[in-house]
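>>> sequence first, predicted model second:
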Amino acid sequence: MEKDLGKTSSGLQPNLAALLCYLAGFITGIIFYIIEKENKFVRFHAMQSILTFGGLFILQMILAFIPILGWILIPLISIASLILWIVLMIKAYQGEEFKLPIVAAIAEKQISK
């Protein structure tokens, strides 16, 4: 039994739009956050994508300038990011508002404005 996630501004099914928020990381998150005006489910996933993958991108950029320790951490963060990316897309497609610690609270605050 599929729960009703409402309509979207884009005309896509909400679960598909939420999955697409994660497809190219924070870039598609930004696109869907701008496009989607109605559906809070899609807007939540878009903002969570922006915060999560934007933050990880910035972290990796900073670590690239830290000799040895940074160079060791970048591949580990990349692997964790890949796993997180897959999990978030699956959960979004299943219609679940999967909430990451800290990031989800910030995302919810942003979409409620």
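Nice, I can see it.
>>> any idea how many residues pack against the residue nearest to residue 91 when sequence neighbours are not counted?
Nearest in space to residue 91, with sequence neighbours left out and distances taken as Cβ to Cβ, 6 or more residues apart in numbering, is residue 98 at 3.6 Å. Placement of C-beta: from N, CA and C, glycine included. Neighbour count for residue 98, taken as other Cβ atoms under 10 Å: 16.
>>> and residue 98, what pLDDT?
According to the per-residue confidence, residue 98 scores 94 in pLDDT.
>>> can you offset everything so residue one is 338?
Okay, using 338 as the starting number, the last item reads as residue 435.
>>> wait, doesn't it sit right on residue 423?
No: look at residue 435 against residue 423 with Cβ atoms under 8 Å: they stay out of range, at 11.9 Å.
>>> look up how far residue 413 lies from residue 444.
For residue 444, the distance to residue 413 under the criterion Cβ to Cβ, to the nearest Å works out to 25 Å.
>>> among these two, which residue is more densely surrounded?
Residue environment comparison for residue 444 versus residue 413 gives the larger neighbour count to residue 444, 25 against 10, counting by other Cβ under 10 Å.
>>> torsion angles phi and psi at the more buried one?
Note on residue 444: backbone dihedrals following degrees, to the nearest 10 are phi -60, psi -40.
>>> what residues are up against the closest residue to it other than its chain neighbours?
Spatially, and ignoring its direct neighbours in sequence, residue 444 is nearest to residue 384 (3.9 Å; Cβ to Cβ, 6+ apart). Taking Cβ atoms under 8 Å, 6 or more residues apart in numbering as the criterion, residue 384 is in contact with 366, 370, 443-444, 447-448.
>>> report the buried members of those.
Restricting the contacts of residue 384 to buried positions leaves 366, 370, 444, 447-448, with burial counted as 16 or more other Cβ atoms under 10 Å.
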